[in-house]
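Visitor: Sequence and predicted structure below; questions after.
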Amino acid sequence: MSRKPYVRQMSKTSWFLTHSRYKNYMLHEVTCIFIAIYAVILIVGLFRLGQGPEAWQGWLDGLRSPLGIIFQILAFIFSVIHTWSWFKVVPQAMRIQRGEDFVPGNLIVGVHYGVLAVISLFVLILAGVA
Amino acid sequence: MARSSKAIPWFLFAGGGTATAFILPVIILVTGLFALFGAFSGALSYETMQAFIGNWLIKIIVFGILFLTLWHVAHRLRVVAHDFGIRADTGVAIVVYGLAAVGTIATIVALLNV
Amino acid sequence: MSTRTITMEVLRYRPEQDQEPFFQTYTVPCDPDWVVLDALNYIKDELDRTLSYRWSCHMFVCGSCGMVIDGEPKLGCKAFLKDYGDKIRVEPMANFPIERDLVVVIDDFIEKLESVKPYLIPKEPRTIEQGEYLQTPAQLKAFKQYSMCINCLLCYSACPQYGLDSSFVGPSALALAHRYNMDSRDVGRKAREDVVASHEGIWECSFVGACSQVCPKDVDPAGAIQQTKITSAIDYVTSFLPGGNR
């Protein structure tokens, strides 16, 4: 009996389009592109801050430009997607065993959103009263 | 099969992912609302920001957040490149981690200059 | 009991006569409580004796009947026809070479499984006179979930990293390594680490999580791998400190 196993190749570049779970994965993976660009914007801002008031104003004006506004809207959406997808999987990566039971995943995720709310509120208040 | 050194960038990826998950949405919200409506213009004024970032503790915190963010996105970009079919993993790693290193040094220089 | 007529599109491949696989269509009168495996058995009994596929227990504990049904990796015995339309597409599991029809070559997995030393490595050999190991319910709970793996390989079929690079050790093997690493009777984590913590081990995983989504026994191999990443990364870093082992 002669064997001739047949190998089906998956597309290396478009495999993620074949199922919704792969599309969701790619969505949270590509958040890093927007986060990277935003980090660069922040670093440039730090440089401008050190270069004096006119340079700083130039950076602020860049934020308020149409491109800056569009990018920040997108960056915000993608950062929220990152936060949501990151929190969602924490219970899988970190099982906390107490005796014979495990801390419920919902509780772990809930605590994360609670901390997110506290940090966000703190920053907003700090920025609001300054 | 030898133990992979991928553990180290992964640690930074995990730390950066956590840091960005908690802090990034509100920061983008602040700059975004400023861009759209001029909100927080007091906080983002030159005098206030100069005094704020001039503080050494703040410099350390800002550096920590940017450092973790840079190395998080670097590692994730490496994985994304692999997922998009780019096979030259070593080359990609050198590029992304190299850029993260450049970004790290730039952050230090910028912060020292404020 | 009203029968339902289901059109089954099944991928065929006969190595002795086919150059490549093709879909063959069968019309099957099905009982409403049937699973896909029942429909395949009907085809083999009544319509086409040449159809080849693996199955055994018919109750999702043996792990034999893994296949892709309407694009989703599933056990044939756990895919209830009432959840499907009148046309069902059945293929062999992805990411494995096709031997014949729905039968895939799983030699690669067997090698990977053996390489992670999926057996207890105790601190010292234990004699019968010493009696049994004692383990509290809490110690059992620490690894029990990962012991439920039935090696059905649906996780490998779903894992895109395994599809992109078949040198990846893979979800099931790594979950089983974790099962032994978490067992209080076992001290083999270091012995397994050369394979588990290699580039082709846990570090090939990018936490897509598809494996855990398709697992019919809720093993959560993705969780096992992420937990292993944390302990392995700590191991790796501390091995450089004085007293660490390299």
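Guide: Yep, it's here. Residues are numbered from 1 along each chain as shown, chains lettered A, B, ... in the order given.

Visitor: And the strands in the chain?
Guide: Looking at chain A here, since you left the chain open. Along chain A, the segments classed as strands by DSSP state E run A:97-98, A:101-102.

Visitor: that's the other chain; I wanted chain C
Guide: Going by DSSP E, chain C shows strands at C:4-12, C:22-30, C:66-69, C:72-75, C:87-91, C:98-100, C:103-104.

Visitor: roughly how far apart are the nearest residue to C:R100 once chain neighbours are set aside and C:C155?
Guide: Closest residue to C:R100 apart from its sequence neighbours, by Cβ to Cβ, 6 or more residues apart in numbering or on different chains: C:S52 at 4.8 Å. Glycine gets a C-beta too; all of them are placed from N, C-alpha and C. Remark: distance between C:S52 and C:C155 (Cβ to Cβ, to the nearest Å) = 23 Å.

Visitor: Can you give me the domain boundaries for chain C?
Guide: Following automatic domain parsing, one finds the domains of chain C at C:4-104, C:107-238.

Visitor: So for the last one, mean pLDDT?
Guide: Put plainly, it is domain C:107-238. Average pLDDT, domain C:107-238: 96.

Visitor: What's the end-to-end length of that domain?
Guide: 36 Å (Cα to Cα, to the nearest Å).

Visitor: What residues does the most centrally placed residue in chain C make contact with?
Guide: By Cα atoms, centre = their mean, chain C has its centre lying nearest to C:L153, at 2.4 Å. Counting by Cβ atoms under 8 Å, 6 or more residues apart in numbering or on different chains, C:L153 makes contact with C:63, C:66, C:93, C:96, C:104, C:106, C:109, C:172.

Visitor: residues near the residue nearest to C:R100, how many?
Guide: Using other Cβ atoms under 10 Å in any protein chain shown, C:S52 has 15 neighbouring residues.

Visitor: Only alpha carbons, please: show stretch C:35-51 as PDB.
Guide: Output of stretch C:35-51 as PDB, limited to C-alpha atoms (Å, rounded to 0.1, in the frame of the first residue of the first chain):
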ATOM      1  CA  VAL C  35     -24.600  14.000  15.400                       C
ATOM      2  CA  VAL C  36     -22.400  14.400  12.300                       C
ATOM      3  CA  LEU C  37     -20.600  11.100  13.200                       C
ATOM      4  CA  ASP C  38     -24.000   9.300  12.800                       C
ATOM      5  CA  ALA C  39     -24.400  10.800   9.400                       C
ATOM      6  CA  LEU C  40     -20.900   9.700   8.400                       C
ATOM      7  CA  ASN C  41     -21.700   6.200   9.700                       C
ATOM      8  CA  TYR C  42     -24.900   6.100   7.600                       C
ATOM      9  CA  ILE C  43     -22.800   7.100   4.600                       C
ATOM     10  CA  LYS C  44     -20.300   4.300   5.200                       C
ATOM     11  CA  ASP C  45     -22.900   1.700   6.000                       C
ATOM     12  CA  GLU C  46     -25.400   2.500   3.300                       C
ATOM     13  CA  LEU C  47     -24.000   4.700   0.600                       C
ATOM     14  CA  ASP C  48     -20.200   4.500   0.300                       C
ATOM     15  CA  ARG C  49     -18.100   1.900   2.000                       C
ATOM     16  CA  THR C  50     -14.900   3.500   0.900                       C
ATOM     17  CA  LEU C  51     -15.300   6.600   3.100                       C
END
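
Visitor: nearest spatial neighbour of C:G66, skipping sequence neighbours?
Guide: Nearest to C:G66 is C:C152, by Cβ to Cβ, 6+ apart, at 4.5 Å.

Visitor: surely the one you found meets C:V214?
Guide: No. Assessed by Cβ atoms under 8 Å, C:C152 is found out of contact with C:V214, at 9.4 Å.

Visitor: Mind listing residues that contact stretch A:103-115?
Guide: Residues from elsewhere that reach stretch A:103-115, judged by Cβ under 8 Å, 6+ apart: A:87-88, A:90-92, A:94, A:96-97, B:21-22.

Visitor: should've said stretch B:15-34
Guide: Stretch B:15-34 is contacted by residues A:35, A:38, A:42, A:60, A:63-64, A:69, A:72-73, A:75-76, A:79-80, A:82-83, A:86-87, A:112, A:115-116, A:119-120, A:123-124, A:127, B:39-41, B:43-44, B:64-65, B:68-73, B:75-76 when judged by Cβ under 8 Å, 6+ apart.

Visitor: Just give me the neighbour total for the residue nearest to C:G66.
Guide: 27.

Visitor: Now do the helices in chain C.
Guide: For chain C, the helices defined by DSSP state H occupy C:36-42, C:107-115, C:137-144, C:154-158, C:160-164, C:171-181, C:189-196, C:210-214, C:221-238.

Visitor: Also chain B?
Guide: Applying DSSP H to chain B gives helices spanning B:7-37, B:46-54, B:56-83, B:89-112.

Visitor: would TSV of the ones you listed with mean pLDDT and mean neighbour count be doable?
Guide: Shown next, in TSV, are these (pLDDT from 0 to 100; neighbours: other Cβ atoms under 10 Å in any protein chain shown):
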stretch	mean pLDDT	mean neighbour count
helix B:7-37	96	20
helix B:46-54	95	16
helix B:56-83	97	20
helix B:89-112	97	16
